[in-house]
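> Got a predicted structure here, sequence first:
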Amino acid sequence: MGGQRIPGGVVHTLPADLRAALAGNESALAAWRDITPLARNEFICWVEDAKQDATRERRIRRTQEELEEGMRRPCCWPGCKHRERTGKA
């Protein structure tokens, strides 16, 4: 899939470390492309919200795992605090 654009979210852009993880995992990337921009935004915000590098790395791994398991939103995440209920910034 080298060179093909990997879409981001509604409010958040896709960070480089999450982009690299998805690019290296075909099944997670296919699931990523299949979910809505709002759902992608939730995963991105969840990763970006980590305060420690170790937490961020763990969330990136979990994002891949959850996508492979068919989940369309991060487990146990109340939602992106950066958007209104309408889905807009």
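Everything's here; your move.
> Output the below-cut-off pLDDT ranges for this protein.
Within the chain, the stretches falling below the threshold (pLDDT under 70) are 1-3, 83-89.
> now the longest helix seen in it, how far from the chain's geometric center?
Counting by DSSP state H, the longest helix found in the chain is helix 53-68. When C-alpha coordinates are averaged (CA atoms, centre = their mean, to the nearest Å), helix 53-68 and its chain have centres 9 Å apart.
> Who are the packing partners of it?
Contact here means 3 or more CB pairs under 8 Å, 6 or more residues apart in numbering; DSSP states H and E; on that basis helix 53-68 packs against helix 16-23, helix 26-34, helix 37-48. Heads up, the C-betas are built off the backbone N, CA and C, glycines and all.
> Output the ones you listed in a markdown table; the columns should cover distance to residue 69 and mean neighbour count.
Listed next are the helices and strands packed on helix 53-68 as a markdown table, based on distance: least, CB to CB, whole Å; neighbours: other CB atoms under 10 Å:
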| stretch | distance to residue 69 | mean neighbour count |
| --- | --- | --- |
| helix 16-23 | 15 | 16 |
| helix 26-34 | 9 | 16 |
| helix 37-48 | 13 | 21 |
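> so how far is residue 82 from residue 64?
As defined by CB to CB, to the nearest Å, residue 64 lies at a distance of 23 Å from residue 82.
> Compare those two (neighbour count), which wins?
The residue with the greater number of neighbours, taking residue 64 and residue 82 and applying other CB atoms under 10 Å, is residue 64; the counts read 21 against 15.
> Many thanks, have a good one.
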